[in-house]
Each structure stands twice: as structure tokens, then as C-alpha cells.
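> Output the structure for:
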Amino acid sequence: MANNDDKYKGYRGPGKAKLVEQGVEVWSDVEAKTTRGNFRGIILPRSETADDIHIVLKIASGYNVGLRADTVLEMKQVGYRAANYKIPEKAFPFDPKKPKVKLFGTGGTIASRLDYRTGAVIPAFSPGELYGSVPELADICNLETEKLFGVFSENMGPEQYITLAKNIGKAIEEGYQGVVIGHGTDTMHHTAAALSFMVQNSPIPIVMVGSQRSSDRPSSDAARNLIHSVYTAAHSDIAEVMVCMFGPTSDQYNLLHRGTRVRKMHSSYRSTFRTLSDIPLARVQNGKIETFQKDYRRRRFDCKADVKAVFDDRVAIVYYYPNMKPDIIESLIDNGYKGIIIAGTGLGHVNKPLYSVLGRATQMGLHVYMTVQTMYGFVQMYVYETGRELMQLGVIPAANLLPEVAYIKLGWALGQSQDQEEVKKIMLTPISHDITEREPYNGYQILQGGIPEVDEMMSRLWK
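Predicted coordinates:
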């Protein structure tokens, strides 16, 4: 049983009073009767910053529920299970016949456990920890790890992009057969775009991976994502920057998405990442990689890549909305920004009140590009009067660059040159399929080509 200090760890006020009243404590396995129903679970500790009116249970599904203390009628202890979330560590076995893969960590919780005593995430990152957590990795490759950062993905930015790109270039020079980057999912598509531009002509796969569900939950996608991403890095013939995440919400397979055509599309689904205006590169399932596309860079056996790790952070992305006022653009001009990406409506439009300030921006040498907030489709500024007038003001249509990809590409372009024509050339020259000649009929998300459940459905409809 817990000692006196741990009995009510983190609880105070009404929450602690209820535990004392019911004769239960932290780590008690309880059956709770409340005014809102009956629950069964383990009482978890609370952090010092949590409120004092809830009691938190971890239920059998792996999810946590909070019970308001004033709704609890009875708590009966049926067991006691103090959690031990220490990650087992075993020596990662070396096999000279297996490829050598480098895993860079940036702070994502791809293989970790939640320490409910402190509320902190315990990372599993050394080769031994990863082997202890996901022993299947030893069947795939010889894995080496290096932690570059320990930040949430919302704190990733140009400094991290540049450091990551340089370290990937170094790993390529050192002869690794593949690189994996563990990354938080929220901004993974931004980093994937940055690496697609900064590390070009790679001879090996560069695979980004994360997890939507923490490893302490039964529904976690962490282990499967890690296994499939490491397998891709070690054995795939696709030598590009890719994102490897769940295809469907079930544990069937992962999809490989190009770093310039992928986006996080759902806040919580495990199948959150989708290729936009194209189809995924491949499917990974049970030690097999099935490619959907033929036009991709193949693995080579040299140790050379073109690393251009530069970025000018004086770039902004502006999501247009009805009745937007000119002061939004004026503030960017006044604060010394050099580039603006606009996510416009429809085919690439904004309202007339913005015309004069956009004209002033381009006259002052700012680089202004138009994308579409629809995500799918091309900017077509020749169709309507609005688009033609904006082009006359110096706004440049950016084909079918995704808004976030255009933002990353403009920062990267400005890191190389401030010349209008040179930047325009860089922006409108396709790199890693960030701009495509056309969008395939099955590139729309609902008809995502190559996905088995979609193919099955379409085979019944299209006869």
C-alpha cells in the first residue's frame, strides 16, 4: 500500500475529502457509484496544477475519466495496483547482415510511457529502451539513436529545421541506410516540407513518424508506427522525405506520404495524415511495402545528398477571411516581413480593401504569393476579375502548393536570395512534387487511390 505521503498524491480540497471519506487512496482499484452512472477504474495521482474537485480514474479501455467529488455516492476498493511505468532496457542486438538506421529524436512521444506519479512523459529513446518497448525493431535493422531536441512540435521552427537537415546530411555521409525522425504530429507536415527542400537528392529514405495516442493507452499507434517507419527506412526503395502514419483508424497498415503533399487532417484520429491533391507513395503492412506511384526517387548506394539548410523567418502565412482589414498586411510590412503567403478563397481571391496594401507590399519588395485555402486544386487567377487585378498588383499565383508548404518554401527561398526573379524561379520550380502538372482523378481525399477499402467501394460502383 502507499505510504502516507503518497496516499492522496496531488489531491486536495473536496477531492481529497471524498477519498478520505470513502477510505480509498491513489492506486486503489475501485467501483464507484455516482449520480451520473457507475465506473470501475484505478485512482490516479493528480498534478499540482490540477483542480481540487475531480477524482481521476483510469478505466479498462485505457482512457481516463474525471468524477466530480460531489457526484460520488460510494467508492468500494476491489484491489490495489500501483503503476510501475519504468521502461525495460535490453541490449539492442547487432547483426552485421542487417542495415544500419539512424533515429533522430525531436521531442515527440513516439515510444514513451506516462509517469502518473509526476504527470511527466518518460521517453523511451536509447536503443536499449526502444528494444525493451518494441522488440520487433531488432528483426528489422541495427538501430542507433540521437536526441537532437526535446520540444513539443509547436516549438519546432527554422533553427530546428536547419539543425535536423544538417544532421541528416551527416548521417547520409556516414553511410546509414535510412533515417527516421521521431516528431510530434501537430506540425510534422511543416517539418516534412522543410526537410524536402533542405535535403534534396537523398540516396536513402528519410522517414518522419509520430503517434496520436500515448503508449500507455490500449489504442496507441506508437509501436506500429515505429515498426513501419523503421522498416521503411531500412528496406524501402523510396529515397525521399516521407511521413509514415496509420492509413485507416484500425491497426491494418501505414501509408507513406510525400513530405510536400501531406497534411494533418484530424485532431485525434489515428489516420490523421492524408496526401492532398495526389495519392500516397505506398502502403506498409507486415514487412511488405506496396508502392502506389512509379515516379519517385530510388535508393542509391552512394553517400551524397544536396543539403541546403537555410531559412529566412521573415515570412508569414495569412488565411483570408471575409471582411479582412488592410491593417493585417500593414502590420507585416511595418514589422519588416519579406514574404507573405496568402491562403485565398476559391481560385485565389481576397476582397478589394486589401488591394492597395498588397500593391504597396509588392512595390516595397515583399514577395507575395497566392495559394488556396480549399487545400485541393490549383490557383487560377486568370478566371475572374479579382484574380487578374491581384496579379497586376504583383501577387504571384503559386500553382497547387499547399499553403503551409508554400510558407516553408518561401522561407527557404529567401534564405538563398532576396532577388524577386530568383525567388520566383525557386518558388515555381517543382521540388519533390510540391507542384504537380495535374492532380489525379483519385487524388481527392474521398477517392484516395490505392487504399484497399476505397478500391473495394469503387469497384462496386464503377462497372
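
> for the regular element (helix or strand) spanning Leu164, packing partners?
Using DSSP states H and E, Leu164 maps to helix 158-173. On a contact count with 3 or more Cβ pairs under 8 Å, 6 or more residues apart in numbering; DSSP states H and E, helix 158-173 meets strand 100-105, strand 178-182, helix 188-198, strand 199-200, strand 306-307. For the C-beta atoms, the positions are set from N, CA and C on the backbone; glycine is no exception.

> one more time with 6 Å
Under the contact criterion of 3 or more Cβ pairs under 6 Å, 6 or more residues apart in numbering; DSSP states H and E, helix 158-173 touches helix 188-198.

> Do I have it right that Ile238 meets Tyr296?
Yes: the criterion here is Cβ atoms under 6 Å, and Ile238 meets it with Tyr296 at 5.2 Å.

> Helices of the stretch 301-450 of the chain, start to end?
Counting by DSSP state H, counting those that start in this stretch, one finds helices in the stretch 301-450 of the chain at the ranges 327-334, 355-363, 385-392, 403-414, 420-428.

> just to revisit the earlier point, give me the buried positions along the helix holding Leu164.
For helix 158-173, a neighbour-count test (16 or more other Cβ atoms under 10 Å) marks 158, 160-162, 164-165, 167-169, 171-172 as buried.

> how far is that helix from where the chain is centred?
18 Å (Cα atoms, centre = their mean, to the nearest Å).

> Okay, angle between that helix and strand 100-105 too, please.
Angle, helix 158-173 to strand 100-105, by axes from the mean of the first three to the mean of the last three Cα atoms, to 10 degrees: 170 degrees.

> Restrict helix 158-173 to CA atoms and write it as PDB.
What follows is helix 158-173, C-alpha atoms only, in PDB (Å, rounded to 0.1, in the frame of the first residue of the first chain):
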ATOM      1  CA  PRO A 158      13.800  27.300 -38.600                       C
ATOM      2  CA  GLU A 159      16.500  26.700 -36.000                       C
ATOM      3  CA  GLN A 160      15.400  23.100 -35.600                       C
ATOM      4  CA  TYR A 161      14.800  22.500 -39.300                       C
ATOM      5  CA  ILE A 162      18.300  23.600 -40.100                       C
ATOM      6  CA  THR A 163      19.900  21.500 -37.300                       C
ATOM      7  CA  LEU A 164      17.900  18.500 -38.300                       C
ATOM      8  CA  ALA A 165      18.800  18.900 -42.000                       C
ATOM      9  CA  LYS A 166      22.500  19.200 -41.300                       C
ATOM     10  CA  ASN A 167      22.400  16.100 -39.100                       C
ATOM     11  CA  ILE A 168      20.500  14.100 -41.700                       C
ATOM     12  CA  GLY A 169      23.200  15.100 -44.200                       C
ATOM     13  CA  LYS A 170      25.900  13.900 -41.800                       C
ATOM     14  CA  ALA A 171      24.100  10.600 -41.300                       C
ATOM     15  CA  ILE A 172      24.000  10.100 -45.100                       C
ATOM     16  CA  GLU A 173      27.700  10.800 -45.300                       C
END
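
> re earlier: pick the most buried one from the helices of the stretch 301-450 of the chain.
With neighbours taken as mean count of other Cβ atoms under 10 Å, the helices of the stretch 301-450 of the chain reach their highest mean count in helix 403-414, at a mean of 26.

> which SSE is the spatially closest residue to Tyr376 that is not a sequence neighbour in?
Nearest residue to Tyr376 in three dimensions, chain neighbours excluded: Ser277, at 5.2 Å (Cβ to Cβ, 6 or more residues apart in numbering). Secondary structure assignment for Ser277, by DSSP H and E: no helix or strand.

> Hmm, Glu437 and Ser277 touching each other?
No: using Cβ under 6 Å as the test, Ser277 is too far from Glu437 to be in contact (11.5 Å).

> can you pull the contacts of the residue lying closest to Leu332 once chain neighbours are set aside?
Spatial nearest neighbour of Leu332, excluding adjacent residues (Cβ to Cβ, 6+ apart): Ala316 at 5.4 Å. By Cβ atoms under 6 Å, 6 or more residues apart in numbering, the contact set of Ala316 is 332, 337, 340.

> related to what we said a few turns ago, could the helices of the stretch 301-450 of the chain go into CSV alongside mean pLDDT?
Below are those laid out as CSV (pLDDT from 0 to 100):
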stretch, mean pLDDT
helix 327-334, 98
helix 355-363, 98
helix 385-392, 97
helix 403-414, 98
helix 420-428, 98
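
> To Ser220, which of those lies closest?
Nearest of the helices of the stretch 301-450 of the chain to Ser220, taken as Cβ to Cβ: helix 403-414 at 26.6 Å.
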